[in-house]
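>>> Sequence first, predicted coordinates after that:
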Amino acid sequence: MLESTQNVESDPPIRHNLEQIRAQLPPGVRLIAVTKQVSVANMKLAYQSGVRDFAESRVQELQLKVSVEGWSEVQWHFIGQIQNNKARRVIQLCSWIHSVDCWDLAERLNHLAAQEGLRPKILLQVKLVPDANKTGWSPEDLQMRLAALVALPHLDLRGLMTIAPLGLGSEATLELFRNLAGRAQSWQRQGYGQLTELSMGMSGDYPLAIEAGATMIRLGQVLFGSRTPTRSTTDGQFLESF
């Protein structure tokens, strides 16, 4: 069993961290627990404390964790870049996809969702400032494609996502998040009322995202602590930090 490979760190502060984070959350802001390289045992501690949204960025790790018994009412989110050969599994396993970053990917997901008889909730990843390490729609390209995106029948368009570049100062980060919120409001006034979700803010900047109007924050390290990759084998499969 997968559980047999799990080691809970001594006295993990997950419950305490959750209490501190929740004390900062206004009504309507959803905590998405980012579980990359987090053990299932520590995920279970978060689950037992009421967390029902988990996010992964790698399909292999996602598959193994989804397969663990005992998750009830959990919604799985995919937040990583989606490779063409992994897109079907993302559709099959996740009810939310935050990283739809171009038209070709949106079309492919729509086609696969039709084949699977599913309609995942999607967010459009927007790149508001130059960043060689990130993908995403430019606001101008997204403006031109919004009508076509809304018309894709097998995708449930819910909102926007962005990631602040590494090293961006607090004022610039807050302005970036406010920029995304303002664009969402502008597009809503143009008739795209479904753009109600704003997925923005991670462990280092989530208070700024909340201030700017985030409805989803994606938290890993501030919730689970630092993660050190480990190796173990179960049923012949390589597990990364399980």
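All right, it came through fine.

>>> can we go C-alpha only for contacts and neighbour counts from here?
Fine.

>>> which stretches of the protein form helices?
Remark: helices assigned in the chain by DSSP state H are 14-22, 40-48, 59-66, 87-93, 103-116, 139-151, 170-189, 206-212, 221-224.

>>> Quick one: closest of the ones you listed to Gly159.
Closest of these to Gly159 is helix 170-189, at 7.6 Å (criterion: C-alpha to C-alpha).

>>> so which of the helices of the chain gets nearest Ile32?
helix 221-224 (10.2 Å).

>>> quick revisit: Val74: which of the helices of the chain is closest?
Nearest to Val74, of the helices of the chain and by C-alpha to C-alpha, is helix 40-48 at 8.6 Å.

>>> nearest to Thr196, of the helices of the chain?
Among the helices of the chain, if distance is taken as C-alpha to C-alpha, the winner is helix 170-189, at 7.4 Å.

>>> how big is the angle separating that closest one from helix 139-151?
40 degrees (axes from the mean of the first three to the mean of the last three C-alpha atoms, to 10 degrees).

>>> Report the separation between Pro130 and Gly117.
Noted for Pro130: a distance of 37 Å to Gly117, by C-alpha to C-alpha, to the nearest Å.

>>> which regions of the protein lie under the pLDDT threshold?
1-12, 228-242 (pLDDT under 70).

>>> Just give me the residue closest to the centre of it.
Centroid-nearest residue in the chain, with C-alpha atoms, centre = their mean: Ile79, separated by 3.8 Å.

>>> can you pull the contacts of it?
Ala55, Glu56, Ser57, Ile97, His98, Ser99 (C-alpha atoms under 8 Å, 6 or more residues apart in numbering).

>>> list the contacts for the second one?
If you count contacts by C-alpha under 8 Å, 6+ apart, Glu56 has them with Val34, Thr35, Lys36, Leu62, Trp76, His77, Phe78, Ile79, Gly80.

>>> The nearest residue to Gln75 once chain neighbours are set aside: neighbour count?
Nearest in space to Gln75, with sequence neighbours left out and distances taken as C-alpha to C-alpha, 6 or more residues apart in numbering, is Asp53 at 5.0 Å. Asp53 is flanked by 19 other residues according to other C-alpha atoms under 10 Å.

>>> Got a PyMOL select line for the buried ones in the contacts of Glu56?
Remark: buried members of the contacts of Glu56, expressed as a PyMOL selection using 16 or more other C-alpha atoms under 10 Å:
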select buried, resi 34+35+36+62+76+77+78+79
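
>>> Make CSV from the contacts of Glu56 and add distance to Met144 to it.
Putting the contacts of Glu56 into CSV (distance: C-alpha to C-alpha, whole Å) gives the following:
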residue, distance to Met144
Val34, 32
Thr35, 34
Lys36, 34
Leu62, 33
Trp76, 30
His77, 27
Phe78, 25
Ile79, 24
Gly80, 24
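
>>> Looking at the contacts of Glu56, which is nearest Leu109?
Closest to Leu109, out of all of the contacts of Glu56 and judged by C-alpha to C-alpha, is Phe78, at 12.8 Å.
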